[in-house]
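**Q** here is a sequence together with a model predicted from it:
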Amino acid sequence: MSDAESPNDEFEPIEVFPENETPDLRPGADDCYKCSTCDTNCPVAEVDDDFPGPKFQGPEQWRLKRKEDTSVDDSISKCSNCMRCDSACPSDVPLSQMHNTARAEYVEEELSKTSLTYWRNRILANYRTSAFFASKVPRIANAAMNFGPARWAMDRVFGITSEREFPAFATETFREWWEREGGADGSRERARAARERRGEDADAEKKVAYFHGCYANYNTPEVGKAMVRVFEHFGYELVVPEQRCSGTPMFANGMLDDAERHAEVNVSSMGDLIEQGYDAIASCTSCSMALRQEYPELFDIEGIDELAENTWEALEYLRVQEDLSGELSAATVEDENLAQLAYHAPCHARNQGLDGQALELFADLAGVDAADVGDSCSGISGTYGWKSEKYDTSMKIGEEMFDHMEDVEGEVGMTECPTCAMQMEHGTGYEIRHPLEIVESALVS
């Protein structure tokens, strides 16, 4: 990288708008030369002929709004926020940034705040809030949420599809387990003992801050536990700081003000730890995507760039910092249920260049055969596939993945994304595991 391209140089944007006017938040439209590569890579456009595609939703709408008093087209609500258009664009047009800000403008100016659609989207976007209360009475919540008449009513009244079963809330959240295991102090002791066993300097500073996200905390604490055990196996001390939702479901529903409030907490708590030498690690690829790309694109919060620069996906971090491949190649997984795995790479993993890492890591792992089920989108895209009017589109997008999964011997799937896991299970009935759980099974006794 040349000095002129150094990320430390201060960026000076071209002044397109007068100083006294609020600038449009969707720059980069003029870099689009209408090649339509984004449209051909859009999973929604592939199955919905009425969806105009990412090119229209981004640069073309922006150009229209610069020239005349036009409102955001309501088709922006059909965008699933898979972000495949970002990685497909040869000109690096910030399409998902355009879509997120356009969606927020549509919600603010066009969508009635008294409509059931608005409140349905707000409830789905703020999953962390409902999950917090449900986790206090998980057995009652699980029974109530999947009670037939209740699901019918949510479908007919709120437009939350009755075709899906609600994911179960854990009887003990990850954070409750973490505190029971001694929290940061317990992790420090276990990591120090692990460094001694590995013949490393027991006083070495190996420390990470875990961003677990909402789903690993409330629904799948086994993923968070696997994260802790694997990192402590390599001698890392973990802390689990105060955190809110990453904002991913809020971006997808045009709730940018909500997302920014959550981001402020995350940037503050994670940023303080980064200043102390910690790296931020996420087990969910949508969470790592939000912290490292969407935050600095959408928000102006002190410390946001430092957080983005020091955020990693969990396996990505261990591949860079440790000989993870070497240890896995010398290990064996004894669990016969994991012998054949159908792996789906989430769209948000692809956007970070992480789509092949699980297959590479497990290629030489005895007792495991992981097969790629293709590059198609799962179709659920977070809250998108939970909306009654989007359910059929979601399932059409996922058909290719379902078919490829069923071609793989065995009935266990694998992915890093919790909502992709929901879709995989829903479409095939397979049990779905996180790659960290496979690593835990291989390396942690």
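**A** Ah, there it is.

**Q** ok, and the helix or strand in this protein with the lowest average confidence?
**A** Here the helix or strand of the chain ranked lowest by mean pLDDT, DSSP states H and E is helix 61-67, holding a mean of 73.

**Q** report the longest helix in this protein, please.
**A** helix 256-275 (DSSP state H).

**Q** the one helix or strand residue 87 maps to packs against which elements?
**A** In the assignment (DSSP states H and E), residue 87 maps to helix 84-88. Applying 3 or more C-beta pairs under 8 Å, 6 or more residues apart in numbering; DSSP states H and E, one finds that helix 84-88 contacts helix 37-40, helix 95-109, helix 347-350. Where you see a C-beta, it was placed from the backbone N, CA and C, and this is true even at glycine.

**Q** between these, which one is closest to residue 420.
**A** Evaluated over these, closeness to residue 420 peaks at helix 347-350, with 8.3 Å, by C-beta to C-beta.

**Q** tell me how far that closest one lies from the chain's centre.
**A** 8 Å (C-alpha atoms, centre = their mean, to the nearest Å).

**Q** and the chain, what are its domains?
**A** 22-109, 174-321, 324-443 (automatic domain parsing).

**Q** dump the ones you listed to JSON lines, plus mean neighbour count and distance to residue 135.
**A** Below are the domains of the chain laid out as JSON lines (neighbours: other C-beta atoms under 10 Å; distance: least, C-beta to C-beta, whole Å):
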{"stretch": "domain 22-109", "mean neighbour count": "19", "distance to residue 135": "26"}
{"stretch": "domain 174-321", "mean neighbour count": "20", "distance to residue 135": "5"}
{"stretch": "domain 324-443", "mean neighbour count": "20", "distance to residue 135": "15"}
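
**Q** what are the boundaries of the strands in the stretch 301-445 of the chain?
**A** In the stretch 301-445 of the chain, strands defined by DSSP state E, counting those that start in this stretch lie at 311-313, 340-343, 369-372, 412-414, 431-433, listed in chain order.

**Q** in TSV: those strands, plus mean pLDDT.
**A** Listed next are the strands of the stretch 301-445 of the chain as TSV, based on pLDDT from 0 to 100:
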stretch	mean pLDDT
strand 311-313	98
strand 340-343	97
strand 369-372	96
strand 412-414	97
strand 431-433	98
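
**Q** average model confidence for the helix or strand harbouring residue 186?
**A** Element membership for residue 186 (DSSP H and E) is helix 183-197. Regarding helix 183-197, the rounded mean pLDDT is 97.

**Q** export stretch 35-53 to PDB, keeping only CA atoms.
**A** Output in PDB follows, covering the C-alpha atoms of stretch 35-53 (Å, rounded to 0.1, in the frame of the first residue of the first chain):
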ATOM      1  CA  CYS A  35     -23.100  -3.100 -15.500                       C
ATOM      2  CA  SER A  36     -26.000  -4.800 -13.600                       C
ATOM      3  CA  THR A  37     -23.600  -7.300 -11.900                       C
ATOM      4  CA  CYS A  38     -25.300  -6.500  -8.600                       C
ATOM      5  CA  ASP A  39     -28.700  -7.400 -10.000                       C
ATOM      6  CA  THR A  40     -27.500 -10.700 -11.400                       C
ATOM      7  CA  ASN A  41     -26.100 -11.600  -8.000                       C
ATOM      8  CA  CYS A  42     -29.200 -10.600  -6.000                       C
ATOM      9  CA  PRO A  43     -31.000 -13.600  -4.600                       C
ATOM     10  CA  VAL A  44     -34.300 -11.700  -4.300                       C
ATOM     11  CA  ALA A  45     -34.200 -10.500  -7.900                       C
ATOM     12  CA  GLU A  46     -33.600 -14.100  -9.000                       C
ATOM     13  CA  VAL A  47     -36.900 -15.300  -7.700                       C
ATOM     14  CA  ASP A  48     -39.100 -12.100  -7.600                       C
ATOM     15  CA  ASP A  49     -39.600 -10.600 -11.100                       C
ATOM     16  CA  ASP A  50     -41.200  -7.500  -9.500                       C
ATOM     17  CA  PHE A  51     -38.200  -6.500  -7.500                       C
ATOM     18  CA  PRO A  52     -36.100  -3.900  -9.400                       C
ATOM     19  CA  GLY A  53     -32.800  -5.000  -7.900                       C
END
